[in-house]
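Peer 1: Sharing a sequence plus its predicted fold:
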Amino acid sequence: MFPAGVNTWVWVSPLTDDDLARLVPQVAAWGFDVIELPVERPGDWDPHLAADLLARHGLAASVVLVMPPGRELVAASAETVRETQDYLRHCVDVAVTVGSPVIGGPAYASVGRTWRMSAGERRGAYAELRRNLLPVAGYARERGVWIAVEPLNRYETSLINTVEQALDALPEECDLALDVYHLNIEEKNPALAVRAAAGRVAHVQVCGTDRGTPGADLFDWPAFTQALSAIGYAGPLVIESFTAHNQTIATAASIWRPLAPSQDALATEGLAFLKSL
């Protein structure tokens, strides 16, 4: 059975020290193995305090990077690229402190940024991405952390939507973060896409196909988890969903209605389903 995790975005955004003090004991008591910590802005929460709290409650951590407007590694000014690289290095430092083996997310362009590209322009964008990711990937590898780059659906990016594109775009020093929500939109067969990424999958996020509770949908979960097992993935399955009660995150993630009876129910029912797999 894969370790089970949950992202704090299920309840709050941005994350704070007070939120962590409330959520960590509850997440641990429910039986999760991992809590996922978004770094929206450096300084929102203290990684050292978080590490102590996690240790007291026996929880592991995963760290996710966040790409709002202004964080770009392609088709941007040199200053913007440098600032984005510095932010990603900060995420690596946070991961080291809390003990996360990865930083995961769309480490290429801001979420929601889309533009049309010819085949040649796409090749150029991928070459630029590789150049700009390599220094950060080297920094991460020196500290025992992997950058796991996440393909997003067509409405959130035009750069990397599929596993095939990610494998084409990324340097070998980077791995993939796979998210069921995006796979279900962009891949003709999510299980086959997982198998195509053998040896490169470093992190997996899960939710229902409506971005709600995993398992309360028609997604082929057995085929998906069998594919993960077949490629030797042994990391966590982390529930990533969002609350409709926070205006900023609800708008960013297009969450216009509650996705479960409560956010606690989304987490606990999702956990029970993941354990049943």
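Peer 2: Yep, it's here.
Peer 1: which one in this structure is furthest away from the centre?
Peer 2: Within the chain, residue 120 marks the point farthest from the mean C-alpha position, 28.6 Å out by C-alpha atoms, centre = their mean.
Peer 1: what about that one, which helix or strand?
Peer 2: Residue 120 is part of helix 119-142, with elements assigned from DSSP states H and E.
Peer 1: Within the sheet, what are the partner strands of the helix or strand following that helix, with directions?
Peer 2: Counting by DSSP H and E, the next helix or strand C-terminal to helix 119-142 is strand 146-149. Strands adjacent to strand 146-149 in the sheet, as given by DSSP bridges, are strand 102-105 (parallel), strand 175-179 (parallel).
Peer 1: Quick check: buried residues in the first one?
Peer 2: Okay, so that is strand 102-105. By 16 or more other C-beta atoms under 10 Å, the buried positions in strand 102-105 come out as 102-105. C-betas here are computed from N, CA, C, even on glycine.
Peer 1: Out of these, the closest to residue 274 would be?
Peer 2: For the buried residues of strand 102-105, the closest approach to residue 274 (C-beta to C-beta) belongs to residue 104, at 17.7 Å.
Peer 1: which residues touch residue 210?
Peer 2: 217, 259 (C-beta atoms under 8 Å, 6 or more residues apart in numbering).
Peer 1: Go ahead and confirm residue 117 touches residue 161.
Peer 2: No. Contact criterion C-beta atoms under 8 Å: residue 117 and residue 161 do not qualify, at 11.9 Å.
Peer 1: Which one's more surrounded, these two?
Peer 2: It is residue 161, of residue 117 and residue 161, that has more neighbours when counted by other C-beta atoms under 10 Å, with 19 against 15.
Peer 1: Out of the helices and strands in this structure, which is least certain?
Peer 2: Lowest by mean pLDDT, DSSP states H and E among the helices and strands of the chain is helix 247-252, with a mean of 79.
Peer 1: after that one, next one along is what?
Peer 2: That would be, after helix 247-252 and using DSSP H and E, helix 263-276.
Peer 1: Tell me which residues are up against that following helix.
Peer 2: Against helix 263-276 from outside (C-beta under 8 Å, 6+ apart): 1-2, 4, 6, 10-11, 27, 30-32, 206-207, 212-216, 221, 237, 239, 241, 243, 259-260.
Peer 1: Only the buried subset of those, as a ChimeraX command please.
Peer 2: Selection of the buried residues among those in ChimeraX, burial being defined by 16+ other C-beta under 10 Å:
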select :2,4,6,10,11,27,32,206,207,212,213,214,215,216,221,237,239,241,243,259,260
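Peer 1: Walking through the stretch 151-277 of the chain, point out its strands one by one.
Peer 2: 175-179, 201-206, 237-239 (DSSP state E, counting those that start in this stretch).
Peer 1: To residue 185, which of those strands lies closest?
Peer 2: Evaluated over the strands of the stretch 151-277 of the chain, closeness to residue 185 peaks at strand 175-179, with 9.9 Å, by C-beta to C-beta.
Peer 1: now the strands paired with strand 146-149 as JSON lines including distance to residue 112 and mean pLDDT?
Peer 2: Output for those, formatted as JSON lines (distance: least, C-beta to C-beta, whole Å; pLDDT from 0 to 100):
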{"stretch": "strand 102-105", "distance to residue 112": "14", "mean pLDDT": "98"}
{"stretch": "strand 175-179", "distance to residue 112": "16", "mean pLDDT": "98"}
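Peer 1: and these as a markdown table, adding distance to residue 20?
Peer 2: Output for these, formatted as a markdown table (distance: least, C-beta to C-beta, whole Å):
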| stretch | distance to residue 20 |
| --- | --- |
| strand 102-105 | 18 |
| strand 175-179 | 22 |
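Peer 1: Right, I'll leave it there.
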